[in-house]
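1. predicted model, plus sequence, below.
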Amino acid sequence: MGRLHSEGKIPEKIDDLRALFEIVERGKITWEATFDAILDPVLIINKNYQIERANLAAADRSGLSVREMVGKRCYEVFAERQDICPRCPLQKTISSRAPHMVDIDRLRRSSDFQVNSYPLSLDAEEPSVVHHYRDVTGEKMLQKKLIQSEKMAAIGMLSGGIAHEINNPLGGILAFAQLLQSELPPDSPTQEDVKEIQEAALRCKKIVADLLAFARPATAIEKSPHNLSQLVERVLPLLRLNLKTKGISIRTDYDKNLPPVWGEGNRLQQVFLNLIQNAAESMKNGGEVLVRTELSADRSEGYVEVRDAGHGISPENMARIFDPFFTTKGIHGTGLGLAICDSIINDHHGRIEVKSEIGQGSLFRVILPIYSREAETTEEIYAPVRTHRGR
């Protein structure tokens with residue numbers, strides 16, 4: 001009787017074990033589903049930087065399956081590096097058994113990530129950590145734009161006041177220089193000195209005019225449809241004769257099917273004139289400037305490209321070329337030309353992109369939204385500005 005009773009308990013134990021197994025299995029499935037539902041990349045990594053588990057977001061970023069990632073080193077398959085990522089918090093998390101958070105710029109290609117590292121195992125022999133990677137590239141770009149906007153606003157306020165203070169004495173210098181020039185004999189050696197004074201004063205007035213143009217807030221201007229190729233063509237006669245004496249030619253390549261853009265023609269011509277002049281000035285030994293227009297693949301934007309074969313822009317200067325007062329031309333430059341161009345194109349809801357290589361030259365691309373009939377009554381026709389000039 002006791003034997004039957006004990007035997008009767010065996011099926012009950014099997015049922016209990018089966019129920020327990022099902023609970024564990026459901027828990028595993030739930031955990032895996034939760035792990036894979038996280039939109040940010042998440043990796044479980046051991047002390048040797050080998051991946052023990054990856055979620056679907058990490059696999060998508062890496063272009064591999066989850067199974068293919070397991071066993072491989074995280075910095076090789078996820079960050080695509082030969083060496084451990086700079087500032088990697090893994091070893092610090094293992095040694096301290098506490099969470100750590102670091103920002104790693106350019107962790108993966110051109111993306112910046114915030115890495116949150118959490119200790120997973122307290123086993124001293126086989127410790128592992130969870131790394132949660134949050135892409136903060138967009139946030140950092142917005143932060144830089146905000147800082148730049150605040151800086152531009154402050155410079156605009158200061159430069160406007162300074163320009164007005166300088167303009168009055170400059171007018172007096174020019175007037176007296178002209179008066180002195182008229183009273184001196186034509187063959188007087190002092191004539192050249194007075195001419196130098198006039199040229200210096202005129203150069204200062206040009207700087208002041210640029211300052212005022214930069215500081216002046218954007219106003220409602222008269223806009224109309226414009227053919228980009230025609231706008232470019234109108235500024236070329238102003239340049240060709242002067243550049244020819246320097247051994248520089250301008251070649252054009254216009255897209256005949258390019259629809260018009262909506263904007264203020266004179267201000268856009270100012271941009272193209274400035275970019276072509278800059279391209280020419282970068283080629284000290286002469287050469288060719290290529291100016292071309294093109295319609296974007298989705299037909300929503302028009303491009304004006306200015307390409308030179310000059311000395312190029314160094315990487316350290318690339319991020320500053322649109323900053324007010326930044327120049328590599330020494331006393332011959334005001335550092336306002338590109339800043340004003342950038343301001344004008346932003347007012348037209350466009351952007352400027354730049355590519356450059358030392359010794360190979362530079363490419364400036366002005367991108368503007370294509371005109372539609374609604375532009376005559378609303379400014380909402382502009383497509384949202386996407387990546388700003390790629391710098």
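-> Looks like it arrived, so ask away. Numbers count the residues shown, from 1 in each chain.

2. okay, CA-based contacts and neighbour counts for the rest of this
-> Will do.

3. give the residue spans of the chain that score low on pLDDT.
-> Scanning the chain for pLDDT under 70 picks out 1-11, 122-124, 147-160, 210-221, 238, 329-335, 373-391.

4. strands of that one, start to end?
-> Using DSSP state E, the strands of the chain run over 42-46, 51-54, 100-108, 111-119, 128-135, 224-226, 248-253, 261-263, 287-295, 301-307, 351-357, 361-369.

5. in terms of secondary structure, what does the longest helix along the chain contact?
-> As assigned by DSSP state H, the longest helix anywhere in the chain is helix 137-183. Judged by 3 or more Cα pairs under 8 Å, 6 or more residues apart in numbering; DSSP states H and E, the packing partners of helix 137-183 are strand 111-119, helix 190-215.

6. what sits up against the shortest one?
-> Contacts of strand 111-119 from elsewhere in the structure, counted by Cα atoms under 8 Å, 6 or more residues apart in numbering, are 89-90, 93-94, 97-107, 127-137.

7. show me the strands paired with that strand, marking each as parallel or antiparallel.
-> Partners of strand 111-119 in the sheet, by DSSP bridges, are strand 100-108 (antiparallel), strand 128-135 (antiparallel).

8. quick one: the first one to helix 137-183, angle?
-> Using axes from the mean of the first three to the mean of the last three Cα atoms, to 10 degrees, the inter-axis angle of strand 100-108 relative to helix 137-183 is 70 degrees.

9. so which bits of strand 100-108 are buried?
-> Across strand 100-108, burial judged by 16 or more other Cα atoms under 10 Å covers 100, 101, 103, 104, 105, 107, 108.

10. ok, stretch 265-283 next?
-> Going by neighbour count (16+ other Cα under 10 Å), the buried part of stretch 265-283 is 265, 268-276, 278-283.

11. who touches it?
-> 223-224, 226, 231-232, 234-236, 239, 243, 248, 286, 289, 306-312, 337-338, 341, 344-345, 362, 364.

12. repeat that for stretch 52-62.
-> Contacts for stretch 52-62 (Cα under 8 Å, 6+ apart): 35-46, 65-66, 69-71, 77-78.

13. can you check stretch 97-108 too?
-> Counting contacts by Cα under 8 Å, 6+ apart, the residues touching stretch 97-108 from outside are 78-80, 85-89, 92-93, 111-119, 122.

14. helices along the stretch 201-350 of the chain, start to end?
-> Assigned by DSSP state H, counting those that start in this stretch, the stretch 201-350 of the chain shows helices spanning 228-244, 265-281, 315-318, 337-347.

15. I'd like these laid out as a markdown table, including distance to residue 191.
-> Shown next, in a markdown table, are these (distance: least, Cα to Cα, whole Å):
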| stretch | distance to residue 191 |
| --- | --- |
| helix 228-244 | 26 |
| helix 265-281 | 30 |
| helix 315-318 | 41 |
| helix 337-347 | 32 |
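
16. tell me which of those lies nearest to residue 355.
-> Proximity to residue 355, assessed across the helices of the stretch 201-350 of the chain by Cα to Cα, is greatest for helix 315-318 (8.9 Å).

17. and residue 366, how many neighbours does it have?
-> Other residues lying near residue 366 total 25 when counted by other Cα atoms under 10 Å.

18. ok so, going back, which among the contacts of stretch 265-283 count as buried?
-> Buried among those by 16+ other Cα under 10 Å: 226, 231-232, 235, 239, 243, 248, 286, 289, 306-312, 337-338, 341, 344-345, 362, 364.

19. re the thing from before, so which of the helices and strands packed on helix 137-183 is the most packed in?
-> Of all the helices and strands packed on helix 137-183, strand 111-119 carries the top mean neighbour count, a mean of 21, counting by mean count of other Cα atoms under 10 Å.

20. got the angle for that one vs strand 42-46?
-> Using the same axes, to 10 degrees: strand 111-119 against strand 42-46 is 50 degrees.

21. and strand 111-119, how far out from the chain's middle?
-> 23 Å (Cα atoms, centre = their mean, to the nearest Å).

22. alpha carbons of it, in CSV - could you do that?
-> Output of strand 111-119 as CSV, limited to C-alpha atoms (Å, rounded to 0.1, in the frame of the first residue of the first chain):
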residue,chain,number,x,y,z
SER,A,111,28.0,58.1,-35.6
ASP,A,112,28.4,59.2,-32.0
PHE,A,113,27.1,57.0,-29.2
GLN,A,114,26.4,57.2,-25.5
VAL,A,115,27.4,53.8,-24.0
ASN,A,116,25.7,52.7,-20.8
SER,A,117,27.6,49.8,-19.2
TYR,A,118,26.0,47.6,-16.5
PRO,A,119,27.5,44.6,-14.6
